[in-house]
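In: missing the sequence, but the structure's below:
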């Protein structure tokens, strides 16, 4: 399946005059005035999106901040010609899938990828599907993929009567799938899938993990046939770093402090936490808590630090669950220099680092995303914070 075409500027003379290396050799703060000047020249033609996990030096230039789906949807509803997505590759793909035909999506650094999304490669997923059908597990199997996946994986699910879900509406997506089939193949984050299924009352012995590097996923065929949920062996490198002992340490050192974690964390961590929810839910939970509340949050460190600064004046204390700090290193790759480079090229009429999803992939990925919107409407699904 053809997936993504990455288009770079044809104006090589411009790029040679102002190569990216020239920008990267300069201190971050020297880019501020250049970014501001380029934005002023471009006006409403250019829109900058900043994911919650983006570094502060970049996100402060964002017109909108939020999670990947929210940002993609907001961008498609604007009149901006150019969408600069300060996030990672799959997010820019999603933005292009939802974008208007005349909108162009740009990823300031093409090396800003997602380790979780990369753990589910389309050839592996197709081989898995073929194996499950050969083993007699294909009938009544519904594929679901997390938003944090490549466009071709979203398209794979759309073409096979499945859909996309976010961490907020995963329970609604599971309900939707079980109303249409007997079992789910959940991609690519095993932890979100396991936490969602368990919270819905599905026992652990009815879940299996498919390892794409092993024959038949490394699972006995009898177990596959008995399973209600087949979890892809993938994870978020940031959230998997949080461990049960981190929760135990908070309990011992900070009595009364609430532990809130993202459902991409390990099941053992989520079971020990006071609350779990998507990034937006975590923010909402802290917002609605009374003055004097304190929280240890298990998610990316840039967001945690931002929440700590935001809520400190309101008498609320926010710290990271893990003192070593969990950084999304791939998203961190996008710097003020990358942002200045892409903006100044646009001023010169050049599009660099364009992300363009092929038409066939875009069609089926959008089908999967549209089904997700149906789930939101039909079930008003939103993963509740754990009591």
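Out: Arrived safely. Everything numeric here is computed off the predicted structure, so don't read it as measured data.
In: Please enumerate the helices of the stretch 151-300 of the chain.
Out: Assigned by DSSP state H, counting those that start in this stretch, the helices in the stretch 151-300 of the chain fall at 151-159, 170-178, 190-199, 221-226, 244-253, 267-272, 279-288.
In: Among those, which comes closest to residue 320?
Out: Closest of the helices of the stretch 151-300 of the chain to residue 320 is helix 244-253, at 9.1 Å (criterion: C-beta to C-beta). C-beta here means a position set from N, CA and C on the backbone, and glycine is covered the same way.
In: which other helices and strands contact that closest one?
Out: strand 258-261, helix 267-272, strand 294-298 (3 or more C-beta pairs under 8 Å, 6 or more residues apart in numbering; DSSP states H and E).
In: Compute the distance between the residue nearest to the spatial centre of the chain and residue 322, please.
Out: For the chain, residue 148 is the residue whose C-alpha lies nearest the centre (C-alpha atoms, centre = their mean; 3.9 Å). Per C-beta to C-beta, to the nearest Å, residue 148 is found 20 Å from residue 322.
In: Ok, residue 336 next?
Out: In terms of C-beta to C-beta, residue 336 sits 27 Å off from residue 322.
In: Do a quick rundown of the strands in the stretch 251-387 of the chain.
Out: For the stretch 251-387 of the chain, the strands defined by DSSP state E, counting those that start in this stretch cover 258-261, 275-276, 294-298, 317-320, 354-357.
In: now, of those, which is deepest in the fold?
Out: Compared across the strands of the stretch 251-387 of the chain, strand 294-298 shows the largest average neighbour count, a mean of 25 (mean count of other C-beta atoms under 10 Å).
In: Just list what that strand packs against, helices and strands only.
Out: By 3+ C-beta pairs under 8 Å, 6+ apart, strand 294-298 packs against helix 244-253, strand 258-261, helix 301-311, strand 317-320.
In: what's the least confident stretch among those?
Out: Per-segment mean pLDDT for the helices and strands packed on strand 294-298 reaches its minimum on helix 301-311, at a mean of 92.
In: For it, which residues meet the burial criterion?
Out: 301-304, 306-308, 311 (16 or more other C-beta atoms under 10 Å).
In: For residue 30, state which of those residues is nearest.
Out: Residue 30 lies nearest to residue 302 out of the buried residues of helix 301-311, by C-beta to C-beta, at 21.5 Å.
In: I'd say the closest one and residue 56 touch.
Out: Yes: counting by C-beta atoms under 8 Å, residue 56 is a contact partner of residue 302 at 6.7 Å.
In: Distance to residue 41 for the helices and strands packed on helix 244-253 - can I get that in CSV?
Out: Shown next, in CSV, are those (distance: least, C-beta to C-beta, whole Å):
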stretch, distance to residue 41
strand 258-261, 42
helix 267-272, 47
strand 294-298, 39
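In: ok so, going back, so which of the buried residues of helix 301-311 comes closest to residue 174?
Out: Residue 174 has its nearest neighbour among the buried residues of helix 301-311 in residue 303, at 25.9 Å by C-beta to C-beta.
In: And the contacts of stretch 196-210?
Out: 128, 170-171, 174-175, 184-186, 190, 193-194, 217-219, 223-224, 226-233, 263, 267, 383, 386 (C-beta atoms under 8 Å, 6 or more residues apart in numbering).
In: what separates it from the chain centre, distance-wise?
Out: How far stretch 196-210 lies from its chain's middle: 22 Å, per C-alpha atoms, centre = their mean, to the nearest Å.
In: Name the residues of it that are buried.
Out: Those would be 196-199, 202, 207-210, for stretch 196-210 by 16+ other C-beta under 10 Å.
In: follow-up on the earlier one: show me which of the contacts of stretch 196-210 are buried.
Out: Buried subset of these (neighbour count, 16+ other C-beta under 10 Å): 128, 170-171, 174-175, 184-186, 190, 193-194, 217, 219, 224, 227-233, 263, 267, 383, 386.
In: still on that earlier bit, deepest of the helices of the stretch 151-300 of the chain, which one?
Out: Between the helices of the stretch 151-300 of the chain, helix 151-159 has the highest mean count of neighbours, a mean of 26, where neighbours are mean count of other C-beta under 10 Å.
In: list the helices and strands the lengthiest helix in the chain packs on?
Out: If you go by DSSP state H, the chain has its longest helix at helix 359-379. Contacts defined by 3+ C-beta pairs under 8 Å, 6+ apart place helix 359-379 against helix 89-98, helix 151-159, strand 163-165, helix 170-178.
In: can you redo the ones you listed as a markdown table with distance to residue 121?
Out: Formatted as a markdown table, the helices and strands packed on helix 359-379 follow (distance: least, C-beta to C-beta, whole Å):
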| stretch | distance to residue 121 |
| --- | --- |
| helix 89-98 | 13 |
| helix 151-159 | 9 |
| strand 163-165 | 17 |
| helix 170-178 | 22 |
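In: Quick one: closest of the strands of the stretch 251-387 of the chain to residue 61.
Out: Using C-beta to C-beta, the strands of the stretch 251-387 of the chain put strand 354-357 closest to residue 61, at 19.2 Å.
In: Mind checking what helix or strand follows the helix or strand bottoming out on mean pLDDT in the chain in sequence?
Out: In the chain, the helix or strand scored least confidently by mean pLDDT, DSSP states H and E is helix 12-17, which has a mean of 41. Following helix 12-17 in sequence order, the next helix or strand is helix 20-24 (DSSP states H and E).
In: Figure out how far that following helix is from the centre of its chain.
Out: Chain-centre distance of helix 20-24: 28 Å, with C-alpha atoms, centre = their mean.
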